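>>> The sequence and its predicted three-dimensional model are supplied below.
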Amino acid sequence: MTPAFDAESYAEAMAKALELPLPPEWNAAVVAHLQATAAAAGLVLAFPLADDVEPAPVFEP
Amino acid sequence: MSSDICSLPAHAIAAAVKSRRLSAREVTEAAIARIETTDAALGAFTDKTFERALAEADSVDDAVAAGETPLLAGVPYAVKNLFDIEGVTTRAGSKINRDNPPAGDDAFLVRRMALAGGVLAGGLNMGEYAYDFTGENAHDGISRNPHDPGRMSGGSSGGSGTAVAAGMVPLSLGSDTNGSIRVPASFCGLFGLKPTYGRLSRAGTFPFCASLDHLGPLARSARDLALVLDALQGDDPDDPAQARRAPIAAMAEIDRGIDGLTIAVADDYFRESGMPEAFDAVDTIAAALGVSRTVTLPEAARARASAYVITAAEGAALHGKRIRQRARDFDPDVRDRFIAGAMIPAAWVIQAQKFRAWFHAAMLKVFREVDIILAPATPFHALRSGTKTITLDGVSMPARPNIGLYTQPVSFIGLPVVAVPVWLPNAKLPIGVQVIAPPWREDLALRVAWHLEQQGAVSAPVARMERAA
């Protein structure tokens, strides 16, 4: 779950750490997208999955 | 005469050319004339390859004269501009990629079309880098809906919808990561096929999300989708995600009707968050098929959420360098999503991929009980161009990502789908229904779609376009 996800501080920190462009005029939209993605991820993370469930893309050597 | 030719479906054109009732050149000249008179108002084409089209048409006429019977003899078509066309720069809807040199070869599927006697008229407008459901492009303009040019064509294969609904070409190729064939098919009133993930090679097309990208056709007849699926299949070592499976013979199966098929209407998630027309369209199709059974796609909301997270992360990873170096050259709506996507924690994405395996297994169980599932393609008719927010079940939300809320859970696990166009009584606009089949059974969805078309329950007329003229 991501109940305490602070999209605004997270965006600011990640933009700096990853050298992503984030001028003030883009900030609100980027934060809104992060919030929407966090909400989606929250739904996914809340679903109980066994530890041994393989992620869908399976590599075949 | 030429407008009559432009109203014909692809299978009728191919039959006429093969029997020499029409020449491929005559058909191609009619298509070119139609494009020249209608496209300026509609914005479907970004690149026109008329010289090539006429040369291909002459080759087809020579081949037919020599006794050959190519599958798509003399059928004009055009491709979303993320397909490589030899000698044309592949835009992928972007400003940035048009700095690239022209493609040195055709995409695999364009080569298959040429082998089958198809005649390529050009490249089609699309939402930037395919991250779009509107058909609006910040650099090339809007690809408009021929049934009402004030409305969206749907995206991201917007031009692919516009060109076919306007009668410029009977057939187009598009791509579908989360709904980008099925949404324009719904908004523009067309038949659209998103094949099973891994069915068709994607080599020679500009990607969006490797684990979700599909290619497929849009047309004005379900029969055309079967014909083109037969033409497009073929092993291609250049697409490592292509499944090594025997091709299906879609045309050989299409007349088998619906006898013996267990069909059900998706409930729960697929009966919520839509306008009445979305559910009326499904009910119309269910009635035409004599279907009353319902089925639940387990955890569809989580499936959609997972696809949303994977898309944001995979798309941003693909464009990471361009986002850092040329952010101001992006469509702002796309740029902001990619910047946010580049920040997504890995655990979110990996959990979404694990959920994908769970959902796949759960859906295979559902397909032990039913052969075909019916669901809305879009939550509403085509929106007015420029619409930014929508209200569904009393909740206001951004329009652009939510147009695909019914398509996204289905493509998430690569199921084959035929979108069929419904015209509700007195409706001025069409709306699509998804006919969903088990993995690798495009033939079942095509049989249902063709049955509905023959019954008159679905149809894809060329738009009359008084307002566009």
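Ah, there it is.

>>> Could you list the contact residues of chain A toward chain B?
Neighbours of chain B within chain A, by CB under 8 Å from any CB of the partner chain: A:10-11, A:14-15, A:18-22, A:26, A:29-31, A:33-34, A:36-37, A:39-41, A:43-45, A:47, A:49, A:53-57. In this view, the C-beta of every residue, glycine as well, is placed from N, C-alpha and C.

>>> List buried residues within those residues.
Neighbour counting over the residues of chain A next to chain B (16 or more other CB atoms under 10 Å in any protein chain shown) leaves A:10-11, A:14-15, A:20, A:22, A:26, A:29-31, A:33-34, A:36-37, A:40-41, A:43-45, A:55-56 as the buried ones.

>>> Mark which of those residues are part of strands, please.
Under the assignment DSSP state E, these contribute nothing to strands.

>>> Let's see which of the residues of chain A next to chain B end up in helices.
Taking DSSP state H as the definition of helices, the residues of chain A next to chain B contribute A:10-11, A:14-15, A:26, A:29-31, A:33-34, A:36-37, A:39-41, A:43-45.

>>> ok and the residue in the stretch 51-200 of chain B nearest chain A?
Nearest to chain A in the stretch 51-200 of chain B, going by CB to the nearest CB, is B:Tyr197, at a distance of 10.2 Å.

>>> Is that residue in contact with B:Ala210, as I believe?
No: applying CB atoms under 8 Å, one finds B:Tyr197 not in contact with B:Ala210, separated by 10.7 Å.

>>> Quick check: neighbours shared by those two?
Jointly contacting B:Tyr197 and B:Ala210 under the rule CB atoms under 8 Å, 6 or more residues apart in numbering or on different chains are B:Ala241.

>>> Just the pLDDT for the residue nearest the centre of chain B.
Nearest to the mean C-alpha position of chain B, counting by CA atoms, centre = their mean, stands B:Ile181 at 2.0 Å. pLDDT recorded at B:Ile181 is 98.

>>> which ones are touching it?
B:Ser157, B:Ser160, B:Gly174, B:Ser175, B:Gly192, B:Leu193, B:Lys194, B:His214, B:Gly216, B:Pro217, B:Leu218, B:Ala419.

>>> hmm, try it at 10 Å
B:Ile181 is in contact with B:80, B:154, B:156-157, B:160-161, B:172-175, B:190, B:192-195, B:214-218, B:377, B:407, B:411, B:417, B:419, counting by CB atoms under 10 Å, 6 or more residues apart in numbering or on different chains.

>>> Equivalent analysis for A:His33, please.
A:7, A:11, B:312, B:333, B:336-341, B:343-344, B:398, B:401.

>>> what's the average pLDDT for the helix or strand encompassing B:Ala57?
B:Ala57 belongs to helix B:50-65 when assigned by DSSP states H and E. Averaged across helix B:50-65, the pLDDT comes to 98.

>>> Find the nearest non-adjacent residue to B:Arg182, please.
Spatial nearest neighbour of B:Arg182, excluding adjacent residues (CB to CB, 6 or more residues apart in numbering or on different chains): B:Ala419 at 4.3 Å.

>>> For chain A, which residues score under the pLDDT cut-off?
A:1-3 (pLDDT under 70).

>>> let's go with 90 and repeat that
A:1-4, A:57-61 (pLDDT under 90).

>>> can you pull the contacts of the one residue in the stretch 101-250 of chain B that gets nearest to chain A?
Per CB to the nearest CB, B:Ser211 is where the stretch 101-250 of chain B lies closest to chain A, at 5.6 Å. Applying CB under 10 Å, 6+ apart, one finds that B:Ser211 lies in contact with A:55-57, B:177, B:197, B:241, B:307, B:310-311, B:314, B:353, B:356, B:412, B:414.

>>> got CSV for these, with secondary structure too?
Formatted as CSV, the contacts of B:Ser211 follow (DSSP: H, G, I helix; E, B strand; the rest coil):
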residue, secondary structure
A:Pro55, coil
A:Ala56, coil
A:Pro57, coil
B:Thr177, coil
B:Tyr197, coil
B:Ala241, coil
B:Ala307, helix
B:Ile310, helix
B:Thr311, helix
B:Glu314, helix
B:Gln353, helix
B:Arg356, helix
B:Phe412, coil
B:Gly414, coil
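
>>> got those as JSON lines, with distance to B:Gly122 columns?
Conversion of the contacts of B:Ser211 to JSON lines gives the following (distance: CB to CB, whole Å):
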{"residue": "A:Pro55", "distance to B:Gly122": "40"}
{"residue": "A:Ala56", "distance to B:Gly122": "36"}
{"residue": "A:Pro57", "distance to B:Gly122": "34"}
{"residue": "B:Thr177", "distance to B:Gly122": "23"}
{"residue": "B:Tyr197", "distance to B:Gly122": "28"}
{"residue": "B:Ala241", "distance to B:Gly122": "27"}
{"residue": "B:Ala307", "distance to B:Gly122": "31"}
{"residue": "B:Ile310", "distance to B:Gly122": "32"}
{"residue": "B:Thr311", "distance to B:Gly122": "28"}
{"residue": "B:Glu314", "distance to B:Gly122": "29"}
{"residue": "B:Gln353", "distance to B:Gly122": "37"}
{"residue": "B:Arg356", "distance to B:Gly122": "36"}
{"residue": "B:Phe412", "distance to B:Gly122": "32"}
{"residue": "B:Gly414", "distance to B:Gly122": "29"}
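
>>> and the least confident of the residues you listed?
Within the contacts of B:Ser211, lowest confidence goes to A:Pro57 (82).

>>> Give me the nearest residue to it, chain neighbours excluded.
That would be B:Ser211: by CB to CB, 6+ apart, it lies 5.6 Å from A:Pro57.

>>> pLDDT wise, what is the one you found at?
pLDDT, read off for B:Ser211, is 94.

>>> Could you verify that it is part of a strand?
No: counting by three-state DSSP, B:Ser211 is not found in a strand; it is coil.

>>> What are the phi and psi values at it?
The phi/psi pair for B:Ser211 (degrees, to the nearest 10) reads phi -90, psi 0.

>>> Could you give the separation of the host helix or strand of B:Lys354 from the chain centroid?
Assigned by DSSP H and E, B:Lys354 belongs to helix B:346-369. What separates the centre of helix B:346-369 from the centre of its chain is 24 Å, taken as CA atoms, centre = their mean, to the nearest Å.

>>> quick one: strands adjacent to the helix or strand following it?
Downstream of helix B:346-369, the first helix or strand assigned by DSSP H and E is strand B:372-376. As defined by DSSP bridges, the strand partners of strand B:372-376 come to strand B:263-266 (parallel), strand B:431-436 (antiparallel).

>>> contacts for the first one?
If I follow you right, that is strand B:263-266. B:271, B:279, B:282-283, B:285-286, B:289-297, B:300, B:366, B:369-376, B:406, B:409-410, B:433-436, B:444, B:448.
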